[in-house]
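1. My questions are about this predicted structure, shown below with the sequence.
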Amino acid sequence: MKLIVGLGNPGREYSGTRHNVGFEVIDVLSKRHHIAVRARRNHAKVGEGTIGGEQVVLAKPQTFMNRSGEAVAGLARRYRIAPEDIIVIYDDVNLPLCKLRIRTRGSAGGHNGMKSIIHSLGSEEFPRIRIGIGSPDRRDMVDHVLSKFKRAEMPFVRDAIDRAADAVESYLSDGPEPTMNRFNADGQ
């Protein structure tokens, strides 16, 4: 079984913000694979199903970004899922807008949600899919990540979210190396 976690902040006021692209990828996977993400377990909205023959739990932590680790670690214990079987999808200000980057492990890179997960799991050894949200121009970092995308950016953002969902599916069916070769090399 795999745990697929999209990071974001709960609540309507955060819907559509740069920080919530992880939630949006989970929404795409939920629709594509008819997995309702409604049940509440371990401080997260979850849904169980199958993607590409693999049993999965889709999750959207409801703890707010800085405490995402509480939900992820709780779900990992509940379902007995090892860190290497957890895929985390989240925003990254260090990547150009809509660029994807897939890694099998690594540091938090300054992302507070990832810091929380690494601390709670006691491991950096889990795959992650980062979606570039661009860096702030003259804006404060918090204002930037909590801002909504500009209308002109939306077609590219929708495409990046769909490609991130494609990357999750590829990771489950083809494994890490082919997925990284395909999605890290894309020209986006």
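-> Here it is on my side, so go on.
2. Any regions of the protein where pLDDT drops low?
-> 138-139, 186-188 (pLDDT under 70).
3. how many other residues sit next to Gly53?
-> A count of nearby residues for Gly53, using other C-beta atoms under 10 Å, gives 7. For the C-beta atoms, the positions are set from N, CA and C on the backbone; glycine is no exception.
4. Where does the nearest residue to it once chain neighbours are set aside sit, in terms of helix or strand?
-> The shortest distance from Gly53 to any non-neighbouring residue, by C-beta to C-beta, 6 or more residues apart in numbering, is to Ser173 (7.6 Å). For Ser173, the host element (DSSP states H and E) is helix 154-174.
5. what sits up against that helix?
-> Residues outside helix 154-174 that contact it (C-beta atoms under 8 Å, 6 or more residues apart in numbering): 2, 4, 21, 24-25, 28-29, 32, 51-54, 56, 87, 89, 97-100, 102, 127, 129, 131-132, 149, 178-179, 182-183, 186, 188.
6. Please spell out the ChimeraX selection for the buried subset of these.
-> In ChimeraX syntax, the buried subset of the contacts of helix 154-174 is picked out as below (16 or more other C-beta atoms under 10 Å):
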select :2,4,21,24,25,28,29,51,56,87,89,97,98,99,100,102,127,129,131,132,149,179,182,183
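7. Show me what whatever helix or strand comes next after the helix holding Ser173 is in contact with.
-> The C-terminal neighbour of helix 154-174 among helices and strands, as given by DSSP H and E, is helix 176-183. By C-beta under 8 Å, 6+ apart, the surrounding residues in contact with helix 176-183 are Leu100, Ile102, Arg103, Thr104, Pro127, Ile129, Arg163, Asp166, Ala167, Ser170, Tyr171.
8. residue closest to the middle of the chain?
-> Ile89 (1.6 Å; C-alpha atoms, centre = their mean).
9. measure it to Asp137 for me?
-> According to C-beta to C-beta, to the nearest Å, Ile89 and Asp137 sit 25 Å apart.
10. How are the strands of the chain distributed by residue range?
-> 2-6, 39-41, 44-51, 54-61, 86-92, 100-103, 128-132 (DSSP state E).
11. Pull up the pairing partners for the shortest one, direction included.
-> The one in question is strand 39-41. Note on strand 39-41: by DSSP bridges, its sheet partners are strand 44-51 (antiparallel).
12. and the angle from the strand it pairs with to helix 154-174?
-> With axes from the mean of the first three to the mean of the last three C-alpha atoms, to 10 degrees defining the directions, strand 44-51 sits at 60 degrees from helix 154-174.
13. can you pull the buried residues of strand 44-51?
-> Neighbour-count burial for strand 44-51 [16+ other C-beta under 10 Å]: Ala44, Lys45, Val46, Gly47, Glu48, Gly49, Ile51.
14. go on, stretch 112-132?
-> Using 16+ other C-beta under 10 Å as the test for burial, stretch 112-132 gives 112-118, 120-121, 123, 126-132.
15. measure it end to end?
-> End-to-end distance of stretch 112-132 (C-alpha to C-alpha, to the nearest Å): 16 Å.
16. Noted, bye for now.
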